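**Student:** test case, fold it:
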Amino acid sequence: MEFLLGRSLLKNAFNLGLAEALRGAAEELGFSAADLMEAEPDAGLGSGGLGRLAACYLESMTTLEIPAAGYSICYELGIFRQKIVNGQQLELADPWLEAGEAWLVARPDEAVQVRFGGTVTGYWENGRHNIRHEGYVSVLAVPRDMMVAGFATGHTNLLRLWEARSPHPSDLSLYAAGQYLRAVEHQVMAETISKVLYPADSHPEGKALRLRQQYFLVSATVQHIVRTHKARYGTVHNFQEAHVIQINDTHPALAIPELLRILLDEEGLGWDEAWNIVTHTFAYTNHTVLPEALECWPQPLMERLLPRIWQLIREISGRYQAGLERCFPGGGHKVRELAILWGGQVRMANLCICACFAVNGVSALHTDILRREVFHAAFLCTPEKFKCVTNGVDHRRWLAQINPGLDALVRDCTGTGDYLLRPQALEALERYQNDAGVLSRLGDIKAGNKLALRDYVLRETGIALNPEAVFDVQAKRLHEYKRQLLNALHITWLYHRLHDEPNGFSVPRVFLFAAKAAPGYTAAKEIIRLICSLAAQISRDPLCRGRLQVVFLENYRVSLAERLIPAAELSEQISTAGKEASGTGNMKFMMNGALTIGTLDGSNVELHSRVGGENMFLFGLHADESKRLRQQGYRPRDVCGRVPGLREALDHISSGFGDGVRYDALLSRLLDGPDADEYLLLADFDSYRAAHARAMDAYPDKERWNRMALLNIARSGVFAADRSVREYAREIWGVPMRE
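**Tutor:** Numbers count the residues shown, from 1 in each chain. Sure thing, here's the model as predicted:
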């Protein structure tokens, strides 16, 4: 459902080897190359890590010369533009297409129709069961294609974005009769599908729109793939030999019954052959263990909007359940756990488990949790399906392109730019861990990046960051499990300590937050407001000047991350253990020499195994300890009395920060009710505080700090998307690639 591409001009120029020529040409024409790059909007086709990962993988597949295509929706507005007004998030439209469509090529000749609603009846003719679909509403899916350039290769791949349009022209007779709304209702209904990414689904209309979006995407995509396959081979009987369709989370899971529909209803295959093709075509990547992200759809909504798809899902479910009962005789709870249809809901993750030939997690810990907990019954039944491919990031963009000073250092130390195609070549940097000149140069590069960020923030906000302070960054989607509130609670604790011991605050600190909260996520938006209130109080306090600073950077997006990550010195990766599937921000920060302060969660586990506890600042309960604490009856109020200063910090949050806003509701979520402190902020607080203290003890020793940073960079190659894509290609897709 999302490809978070960011800007394309510099990325394409870099991959094509034209970046310097482009800069020179712009300057010769009297333009500032930097201003030219800034004029391009971020393509707002994603909301966070899921979309950014998809973009990284498509770039890597192209560089590795794997024939591939990405499919998504051409959202007119995409993710919202965030504006902070009086400390509160406002969501504004982000019409990125006004300039961003320069990269898109419309292919109206390849448009397809997608059907919604109506009635479906079956009839027999010439010994074959046929389907008659009547009374439906058609939406036209028009492709707008973006070519993806690989690095140092002539190979390109396609990102196809589907735009929704009505197949019917406006009814001028209705205009003449003054019925203006009726005249355009078909167009408005159709175009709404590709209007905005992730409409709020807290009400029936939003839920229906999301389902329409998902089916629109997969129906158009599968129709296109089948059409191009038949044009090449003249038959669909060998479809599974030519294609793998990788489902990125459950959002595109309706592709499974859609391919089945086409094979049965349009190509005339029997069930057994069609189902064999389906189950040898699809693979599923699970990206989360959070229950709210394992999508379920109300059966009546599915039946009303997608009647034929509903029939097929019902048939798949019945056959699957019969197989489960054979696999687990007498194991009713396991059958119930894996059922596709249960309690009036269609469970999309279980549909993927049923139909896909491979199911993979995105980090070692996440995959283990899928096998032991989330999909344990399925793992017992078909253990061979379950695989692990730890996520990776596009190191060409997230190191070489955004951090040219560091790129130059790597090239000088390794004698080549070979690491751009062989990221494991970064390991050669380890030879310089005791080279004072290299460590000093690394420190200078970081200092230069901090100054560049300071200048950018001053220009955009009027806030002057202290470049002598530690730049401590938490930049990611705002969700309670990611624990931005733990960070804010610790800053509040530090603020009190500064007032109690002004002379004990030896290392100045700048805490930088950047995050968007989903428009309907009230608690997340309240956390943003709290951070802004805290920042305002600290900025007014003369005692904090030059010692403590908090800044919330609005409208977090790829282009902002490209400025922020090279300047970061501490990377906050502090999610509750067992909740983060992988995370990729930690990898980007690591590649740019930031040291991680984090829990053993998601890919932090593998990061820790690479750099060791001596080169990061580990804290908090482990995943099994978190689970056990809950089972034993965790009481967060008991923690408050054991940690000096914690109660005072909580009271300060509750009463507010001098702007008249109280945060009683957030405090209540931590202390009251059966689900109090669901994400264990208070349980981990003392350990988190101690990890920060260790970091501040280490920071004044610049040689030691730079050595730790160098080792993080040297060992980051394993987190390149190229490695991830190679694992998919070898272990799941079975396709050749560039060596």
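
**Student:** from now on I want contacts and neighbour counts done on CA atoms only, so please keep to that.
**Tutor:** OK.

**Student:** could you list the domains of the protein?
**Tutor:** 9-391+726-733, 448-714 (automatic domain parsing).

**Student:** which one of the ones you listed lies closest to I402?
**Tutor:** With C-alpha to C-alpha as the criterion, I402 lies closest to domain 448-714 of those, at 5.7 Å.

**Student:** quick one: end-to-end length of that closest one, please.
**Tutor:** Taking C-alpha to C-alpha, to the nearest Å, domain 448-714 runs 20 Å from one end to the other.

**Student:** give me the mean pLDDT for it.
**Tutor:** The pLDDT scores in domain 448-714 average 96.

**Student:** cool, and stretch 352-360?
**Tutor:** 97.

**Student:** okay, now P644: neighbour count?
**Tutor:** Using other C-alpha atoms under 10 Å, P644 has 11 neighbouring residues.

**Student:** look up phi and psi at it.
**Tutor:** phi -60, psi 130 (degrees, to the nearest 10).

**Student:** who's in contact with stretch 205-213?
**Tutor:** For stretch 205-213, contacts defined as C-alpha atoms under 8 Å, 6 or more residues apart in numbering pick out 116, 193-194, 198-201, 301, 305.

**Student:** returning to that earlier point: of the domains of the chain, which is nearest L406?
**Tutor:** domain 448-714 (7.6 Å).

**Student:** got the CA coordinates for whichever strand or helix holds E625 in CSV?
**Tutor:** Here E625, judged by DSSP states H and E, is contained in helix 623-631. C-alpha atoms of helix 623-631 as CSV (Å, rounded to 0.1, in the frame of the first residue of the first chain):
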residue,chain,number,x,y,z
ALA,A,623,11.0,-9.8,25.4
ASP,A,624,10.6,-12.9,27.6
GLU,A,625,11.1,-10.8,30.8
SER,A,626,8.4,-8.3,29.6
LYS,A,627,6.0,-11.1,29.0
ARG,A,628,6.7,-12.8,32.4
LEU,A,629,6.4,-9.5,34.2
ARG,A,630,2.9,-9.0,32.8
GLN,A,631,1.9,-12.6,33.7
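
**Student:** buried sites along it?
**Tutor:** 623, 626 (16 or more other C-alpha atoms under 10 Å).

**Student:** distance from that helix to the middle of the chain?
**Tutor:** Here the centre of helix 623-631 is set off from its chain's centre by 26 Å, with C-alpha atoms, centre = their mean, to the nearest Å.

**Student:** which strands or helices does it pack on?
**Tutor:** Secondary-structure packing of helix 623-631 (3 or more C-alpha pairs under 8 Å, 6 or more residues apart in numbering; DSSP states H and E): no helix or strand packs against it.

**Student:** can you give the contact residues for it?
**Tutor:** So helix 623-631 is contacted by 576-578, 600-601, 680 (C-alpha under 8 Å, 6+ apart).

**Student:** out of those, who's nearest Y284?
**Tutor:** G578 (20.3 Å).

**Student:** list the contacts for the closest residue to L305 other than its chain neighbours?
**Tutor:** In this structure, L305 finds its nearest non-sequential neighbour in G117, 4.4 Å apart by C-alpha to C-alpha, 6 or more residues apart in numbering. Each residue near G117 by C-alpha under 8 Å, 6+ apart is listed here: 135-137, 304-307.

**Student:** which one of the contacts of helix 623-631 is nearest to L264?
**Tutor:** G578 (41.4 Å).

**Student:** am I right that that closest one is in a strand?
**Tutor:** No: read with DSSP: H, G, I helix; E, B strand; the rest coil, G578 is coil and lies in no strand.

**Student:** T599 is in contact with G620, correct?
**Tutor:** Yes: if you go by C-alpha atoms under 8 Å, G620 and T599 touch, sitting 5.6 Å apart.

**Student:** so the closest residue in space to A425 that isn't next to it in sequence versus L338, what's the distance?
**Tutor:** Spatial nearest neighbour of A425, excluding adjacent residues (C-alpha to C-alpha, 6+ apart): Y419 at 5.0 Å. Distance, Y419 to L338, by C-alpha to C-alpha: 44 Å.

**Student:** ok, the two, which is more surrounded?
**Tutor:** Using other C-alpha under 10 Å, the more surrounded residue of Y419 and L338 is L338, with 24 against 20.

**Student:** that's a strand at G122, yeah?
**Tutor:** Yes: according to three-state DSSP, G122 belongs to a strand.

**Student:** bridging across strands, which residues link to it?
**Tutor:** I131 (DSSP bridges).

**Student:** next, the contact list for it, please.
**Tutor:** 129-132.

**Student:** report pLDDT for it.
**Tutor:** 91.

**Student:** tell me how far it lies from R128.
**Tutor:** Taking C-alpha to C-alpha, one finds G122 at 10 Å from R128.

**Student:** also E292?
**Tutor:** 41 Å.

**Student:** who has more neighbours, the two?
**Tutor:** For E292 versus R128, the count of surrounding residues by other C-alpha under 10 Å is larger for R128: 11 against 8.

**Student:** for the nearest residue to that one once chain neighbours are set aside, phi and psi?
**Tutor:** Spatial nearest neighbour of R128, excluding adjacent residues (C-alpha to C-alpha, 6+ apart): G268 at 8.0 Å. The phi and psi values for G268, taken as degrees, to the nearest 10, are phi 80, psi 20.
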